[in-house]
Every structure is written in structure tokens, then in C-alpha cells.
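Asks: Sequence first, then the predicted structure, then my questions.
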Amino acid sequence: MKTGTDRVKRGMAEMQKGGVIMDVVNAEQARIAEEAGAVAVMALERVPSDIRAAGGVARMADPRIIEEVLNAVSIPVMAKARIGHIVEARVLEAMGVDYIDESEVLTPADEEYHLYKSDFTVPFVCGCRDLGEAARRIGEGASMLRTKGEPGTGNIVEAVRHMRKVNGQVRKVVGMNEDELMTEAKLLGAPFELLLEIKRLGHLPVVNFAAGGVATPADAALMMQLGADGVFVGSGIFKSENPAKFARAIVEATTHYQDYKLIAELSKDLGTPMKGIEISSLAPEARMQDRGW
Amino acid sequence: MVKIGVLALQGAVREHIRSVEECGAEGIAIKKVEELKEVDGLILPGGESTAMRRLIDKYNFMDALKEFAAEGKPMFGTCAGLILLAKNLVGHEPHIGVMDITVERNSFGRQVDSFEADLAIKDVADSFPAVFIRAPHIVEAGSEVEILSKHNDRIVAAREGQYLGCSFHPELTDNHDLTAYFVEMVKEVKAKQLV
């Protein structure tokens, strides 16, 4: 009997496919998310748009909040640790969190090294903007990927860019000859063996969700259409006027992402979505996606 | 060739379809109620049972699934799918409620306790690589239920006539023996119906 194997860690993410993972900041929100059909919740102290507004250093959430959420729902509970913060990650693992997001939404603890995630029993999800970054995180032991997007903006443009980029690069690798892959590995900064595996499989060896800027049911469906395995929704749900209705609408749009009549129906009267931020108006230091490498 | 549907509301759908096709049957993702009419057997995949239940209710799948069962067509539930099939759940109301078993959810612990183990499964394999992820187990089985496998004294695979259920995820490995066993169940039922 073996725990913490790649199959067990990656398999957990496979079970989340086609689903929506929602950011929550307390037990009540977690219950609303579960009731709406979320496949998991991300327990946080503040959603990304509030982290943006508050400024300063953003850290792992208060363990009290995480504990409250763990006790409130039967679906898996994820939590965020700062990039490279070994102890925050170990604390979350010790608390029994089901998945850790080594996240650029929090202020990085290490600007050079990410966590060596293979050392942990708990699985990790990490953000990526391109295949090189995706492959480096898998190389370190990430069991699930997500686009970085630009969190807390309510603007889908960066998540679209990252999803198209990764999937385009995967297609390119799959179409290349073996003798071209070492040069591609060098150019991408990706482990060679992983590119061989991607070529053999025809796809990434782990699931890749969309995250960072999903604000409407149509955004969620768009990301599924672009090849996302599922969707993370951060600030969008509990910043909306009717979170329960909004959460249900996102779940349904993700399941039936090609049923446009349905998406029209469930997009009606959702109230004002979050205002959103034009990416070019963000100061360079406010761009969360540039954290990590 | 028999056609086997995989309930495709959420979860590991693609892997089950691949496994069904490896066993020489046709695999179809079922997203709409009317698609159930096209298939001879149905797999309820792994995923999150609460999320699946919500979508089952939303799209009026429940009556159609119960009807499918009442027609005697084979159904195979893996992990969350096992939870959907069970007549009784510890601490929760049942879902489809057709297989005479009592199931406890997340009974091996949280994700850090998820594990792999080699199992002997009666009539299927002497050593089957089983992947348990936040897995449920069968606490009690009715008199008509045949126990196919146990792990640490807990029932983790069972069959009752047309129903097959397991706690683990056969779809996550390259071993298709358990899927092949289910494909045979579907073939037998279909052959009887043609007579």
C-alpha cells in the first residue's frame, strides 16, 4: 500500500475534471459553493481582488479559516501557500488540506526556487503561462496545472492567452520528431523527458484548469472550449450580487459549454458582475502572473 | 458490438471511454437524458458525487437513471459512481439507490491518505492495481450481493446481478480487466434480451 504516488496525486485532479473550483473565505461561502455543485473549494483569507485592493504582503490564510472550511464541506478543500514557502506548505499538509496551490496570488517567499513538490504526500497545483513553465512545475512534482491568467481582475484575456499558448505548444511538441525535441526543450526551458512523454501521450500528463479572470458563465464556457479541463473561479462568485445563483450558473456553463441557448438562459439577470480591470492599466508590480518563472 | 455509456456530467469520463474501447465495445459520453436510450450499459465514473448529484437533478436525469436500472440494464459505479448506486449512505440520503449496499463516503480519510494497493478481485484478477482517492467503502452488503474484493477487511468491490461497484478507480490504470468484466455483463444481458 503506497500513499502520495504520482498516480494518486494526479488522479485526484482527474476526478475534478469538467468541474468548477471556487474561492471561499469562510464556512458559509464553502457551503454555498458545495450546494451549487463546486467540485472543490479554495479556502482563503481574502479573494484575489481584495488582496489586490489591500496591498502589502499576502500570506497563507489563517489556519482557523481553513479548519472552518475543512469542517464545513465534504468536497475537497484546497489552500494557497506562497511560492517557495516550504513551511506554509507543510503546515497546510499537516492540517489535512486536500490540495495545495503554490500561488502567485500570494507574495512569493522565494524569487528563485519553487517548492520541490515531489517531496510532499499532498498534491500541488501550480500556475503556468506557457509550456516551459508548465513542464518545470511538473518536473518539480506539480500534479495539476492552471493558467495564471491575471487574478482578481475579472478580465479573461490573460487566461485565454495562457491556455492558447500552452495548448499550441503541446500540439507543436506532439507533431515534432524525437530528434527535434532536445532543441525544443532547450528553447522552452523544459525537461527533455517530459517533452518525450507529452509527445507519446499526445497531451500533458496532468490536467490543466483555467484560472485568473473568469467573471461570467460565458468566460467559463470559453475556457472549456479552448481546452481547459475545468475552471477555477476566484473573486467572481462572492463579489457578485447573488453568489448562489452565480455559482450555479458557472457550474452549468462549464458542464454544457457548447450549449449556447442554455448559457444564454443562465446568464440572464445575474446582476452586475465584478467591474474588472483593463490589463494595460496595471502597474508592472501589480501583475501577479509575472511572479514565479 | 455493445454500446456503453459513461455519465459525462463531471469527472473521469475520457479514461472510462478509452478503457471501454480497449475492451472492444463502443464508449459514448452521456451528457443528455435522451442519450441514455442509445446504450446497453452505463458507467457512473469517479468525480465528486455532490457535484454530479446537483447536475443529475438539474437536468432531470434521476428518473431516467432509475428507469435504466428498472429495465435490467447493467450499471457500473466507480468511487463517486458507487456512492450514486448505493441504496444506503452513512449520514446522507441515497442518490439513485438501486444496489443493496450501504456506503460510507471518504472513509479512508482525506487526500493525504489516498493510496494504491494491489487487490485480488474474484473472477477478474489475482493482482489488480487499485487506485483509491478519497475513496468510499461498502460498510454492509445485502444477501444477494457478491463480494468481489476486500482491502484491510473493508469491502471495496461487489456485484449484485446487473450492478457492479468499486471504491477505487480502474480507469486510472492501463489494466482493463474490471472494465472487460463489465463489458461481459452487458453482452450477457443484451444476448438475453435478443432471445
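Replies: Perfect, I can see it now.
Asks: wait, B:E160 sits on B:M99?
Replies: Yes. The criterion here is Cβ atoms under 8 Å, and B:E160 meets it with B:M99 at 5.4 Å. Glycine gets a C-beta too; all of them are placed from N, C-alpha and C.
Asks: Can you pull up the residues of the stretch 1-150 of chain A that come close to chain B?
Replies: Residues of the stretch 1-150 of chain A lying close to chain B by Cβ under 8 Å from any Cβ of the partner chain are A:1-5, A:7-9, A:11-12, A:14-19, A:34-40, A:74-76, A:93, A:96-99, A:121-123.
Asks: Select only the buried ones of the residues you listed in PyMOL?
Replies: Command for PyMOL that selects the buried part of the residues of the stretch 1-150 of chain A next to chain B, burial taken from 16 or more other Cβ atoms under 10 Å in any protein chain shown:
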select buried, chain A and resi 3+4+7+8+9+11+12+14+15+16+17+18+19+34+36+37+38+39+40+75+76+93+96+97+98+99+122+123
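Asks: Could you tell me which of the residues of the stretch 1-150 of chain A next to chain B are located in strands?
Replies: A:2-3, A:40, A:99 (DSSP state E).
Asks: So which residues of the stretch 151-293 of chain A form strands?
Replies: Under the criterion DSSP state E, counting those that start in this stretch, the stretch 151-293 of chain A contains strands at A:207-209, A:231-233.
Asks: Return the longest helix in chain B, judged by number of residues.
Replies: Longest helix in chain B, counting residues (DSSP state H): helix B:177-194.
Asks: just checking, what packs against it?
Replies: Contacts defined by 3 or more Cβ pairs under 8 Å, 6 or more residues apart in numbering or on different chains; DSSP states H and E place helix B:177-194 against strand B:3-7, helix B:13-22, strand B:41-44, strand B:75-78, strand B:125-132, strand B:163-166.
Asks: Now mean neighbour count too, for these, in a markdown table please.
Replies: Below are the helices and strands packed on helix B:177-194 laid out as a markdown table (neighbours: other Cβ atoms under 10 Å in any protein chain shown):
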| stretch | mean neighbour count |
| --- | --- |
| strand B:3-7 | 24 |
| helix B:13-22 | 21 |
| strand B:41-44 | 27 |
| strand B:75-78 | 29 |
| strand B:125-132 | 19 |
| strand B:163-166 | 28 |
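Asks: so which of those comes closest to A:A159?
Replies: Closest of those to A:A159 is helix B:13-22, at 22.2 Å (criterion: Cβ to Cβ).
Asks: Now the closest one - C-alpha only, CSV.
Replies: Taking Å, rounded to 0.1, in the frame of the first residue of the first chain, the C-alpha atoms of helix B:13-22 are listed here in CSV:
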residue,chain,number,x,y,z
VAL,B,13,-15.1,10.4,-18.4
ARG,B,14,-12.4,10.2,-21.0
GLU,B,15,-10.5,7.5,-19.2
HIS,B,16,-13.5,5.2,-18.9
ILE,B,17,-14.4,5.6,-22.6
ARG,B,18,-10.8,4.7,-23.5
SER,B,19,-11.0,1.7,-21.2
VAL,B,20,-14.3,0.6,-22.7
GLU,B,21,-12.9,0.9,-26.2
GLU,B,22,-9.8,-1.1,-25.3
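Asks: For B:L55, which non-adjacent residue is closest in space?
Replies: Leaving aside its sequence neighbours, B:L55 sits nearest to B:L9 (Cβ to Cβ, 6 or more residues apart in numbering or on different chains; 4.1 Å).
Asks: for A:Q16, that is, sorry about that
Replies: Nearest non-adjacent residue to A:Q16, counting by Cβ to Cβ, 6+ apart: A:V39, 4.7 Å away.
Asks: Could you list which residues are in contact with the one you found?
Replies: By Cβ atoms under 8 Å, 6 or more residues apart in numbering or on different chains, the contact set of A:V39 is A:15-16, A:19-21, A:75-76, A:230, B:10, B:47-48, B:51.
Asks: again, only using 6 Å
Replies: Shown in contact with A:V39 (Cβ atoms under 6 Å, 6 or more residues apart in numbering or on different chains): A:16, A:19, B:48, B:51.
Asks: need the contact list for the residue nearest in space to the middle of chain B.
Replies: For chain B, B:G77 is the residue whose C-alpha lies nearest the centre (Cα atoms, centre = their mean; 1.1 Å). By Cβ under 6 Å, 6+ apart, the contact set of B:G77 is B:44, B:84-85, B:165.
Asks: again with A:G234
Replies: A:G234 touches A:23, A:47-48, A:151, counting by Cβ under 6 Å, 6+ apart.
Asks: what's the pLDDT at it?
Replies: Among the per-residue scores, A:G234 shows a pLDDT of 86.
Asks: Up against chain B, what does the stretch 151-293 of chain A have?
Replies: Residues of the stretch 151-293 of chain A lying near chain B by Cβ under 6 Å from any Cβ of the partner chain: A:T255.
Asks: the helices in the stretch 151-293 of chain A, which residues?
Replies: A:157-175, A:178-188, A:192-201, A:217-225, A:235-238, A:243-255, A:260-266 (DSSP state H, counting those that start in this stretch).
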